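Trainee: Sequence first, then the predicted structure:
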Amino acid sequence: MRTGGNPQSLFLSLQQVIRDVGLLCLGGVLCAIGINSVLIPHNFVTGGVTGIALIVYKIFPFLDPGMIYLALNVPLFVLAWMVVGRRFFVYSILGTVALSVSLLFFHFDLHVKDQMLNALLAGVILGGGAGLCLKTSGSQGGTDMLSVMLLKRFSVKIGTTLMVLNGLVLLLISVSYSIEAVLYTMIVVVVSSKMINLVVVGLSQRKAVFIISRQWESISQEILKDIRRGVTIIKGEGGYSHEEEKILYAVVQLREIGLLKRLVHTIDPDAFVVISDTQEVINYRIGNQPHW
């Protein structure tokens, strides 16, 4: 049950909150394993606030990296409250605390010797952990929060923003590490950014579909009945014939594309169909979750 229909309401339901807190904790554990078991032992660094925290830890090894990370996030939380909303603010605090606490307790030896494989492994683990947190309408703080602000304001993909921001931070901190470590870290940044996009969007990516057919009414009814998606009927006119045409517009999930193509082909094999990617869809029933 939703509270007032506002996606930035503090809570949606008890079940949803339990799910979100579980994902935030799991994401924190995964990122802690990536940092403690791969980045630090192999002298890698990563971008963003995590990378800055690791640099401070390298200079002052008596400090705990989790506490450093927590302290660096304080000013970003102020921006998150003002720009995004209450739920994102609260969940981001939980995500940051989960990561900071996990960094204290989760240390494993993954027994991977090859540096390239370690870079790939770190990217997958860190990206998967950060993606799980972002999927809850929260984050783990740092550049994750900045990326959500840019998504909300300018619809820039989260993974793209993280890759650019992390790349800029890497340029600033490259003087503290060897060139080999920086190059391996670039692999970590790219892989983690791709992994974040995969986890947050994944198979829930939406496709926009335009259909032009003389059998538009039958196709429209079948989409409503079989796929259970809304259809918008747009009045159009043929550029050559100047005949009036009806254009069907629908947004469906990626896994529904095959069914939709079979449905259209069965009714009208000559139908003109255009399927395109969507950057972002905002709607409770079909929109890409979460909504920030």
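Mentor: Looks like it came in fine.

Trainee: Pretty sure G51 sits in a strand.
Mentor: No: under DSSP: H, G, I helix; E, B strand; the rest coil, G51 sits outside any strand and is assigned helix.

Trainee: Am I right that it is in contact with N166?
Mentor: Yes: proximity of G51 to N166 meets the contact threshold set by C-beta atoms under 8 Å, at 7.1 Å. C-beta here means a position set from N, CA and C on the backbone, and glycine is covered the same way.

Trainee: Spatially nearest residue to T161 (excluding sequence neighbours)?
Mentor: For T161, the nearest residue in space outside its immediate sequence neighbours is S147; the separation is 4.0 Å by C-beta to C-beta, 6 or more residues apart in numbering.

Trainee: give me the number of residues near the one you found?
Mentor: The tally of other residues near S147 (other C-beta atoms under 10 Å) stands at 27.

Trainee: Show me the helices in the protein, by range?
Mentor: Counting by DSSP state H, the chain forms helices over residues 14-34, 48-59, 65-72, 74-83, 86-105, 115-134, 143-154, 158-173, 179-200, 216-222, 257-267, given from the N-terminal end onward.

Trainee: what's the most buried one of those helices?
Mentor: Comparing the helices of the chain by mean neighbour count (mean count of other C-beta atoms under 10 Å), helix 115-134 comes out on top with a mean of 24.

Trainee: residue contacts, the closest residue to V29 other than its chain neighbours?
Mentor: Nearest in space to V29, with sequence neighbours left out and distances taken as C-beta to C-beta, 6+ apart, is S102 at 4.9 Å. Shown in contact with S102 (C-beta atoms under 8 Å, 6 or more residues apart in numbering): 25, 28-29, 31-33, 66.

Trainee: Show me the one of the helices of the chain that comes nearest P41.
Mentor: helix 115-134 (8.5 Å; C-beta to C-beta).

Trainee: Quick one: the contacts of S102 as a markdown table, columns for distance to L162 too.
Mentor: As requested, the contacts of S102 are arranged in a markdown table below (distance: C-beta to C-beta, whole Å):
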| residue | distance to L162 |
| --- | --- |
| C25 | 21 |
| G28 | 17 |
| V29 | 20 |
| C31 | 13 |
| A32 | 18 |
| I33 | 19 |
| G66 | 20 |
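
Trainee: Relative to S276, which of the residues you listed is nearest.
Mentor: Using C-beta to C-beta, C31 comes nearest to S276 of those, at 33.8 Å.

Trainee: related to what we said a few turns ago, gap between the residue nearest to T161 and L198?
Mentor: Computed as C-beta to C-beta, to the nearest Å, the S147 to L198 distance reads 15 Å.

Trainee: cool, F44 as well?
Mentor: For F44, the distance to L198 (C-beta to C-beta) stands at 21 Å.

Trainee: Also G128?
Mentor: As it turns out, when the distance is counted by C-beta to C-beta, G128 lies 9 Å from L198.

Trainee: So which of the contacts of S102 is the closest to V188?
Mentor: Minimum separation from V188 among the contacts of S102 (C-beta to C-beta) is found for C31, which lies at 11.9 Å.

Trainee: In contact with that closest one: list those residues for me.
Mentor: Neighbouring residues of C31 by C-beta under 8 Å, 6+ apart: 50, 99, 102, 125-126, 129-130, 140.

Trainee: one more time with 10 Å, if that's ok
Mentor: Remark: with contacts taken as C-beta atoms under 10 Å, 6 or more residues apart in numbering, C31 is in contact with 39, 46, 50, 95, 98-99, 102-103, 106, 122, 125-130, 132-133, 140, 192.
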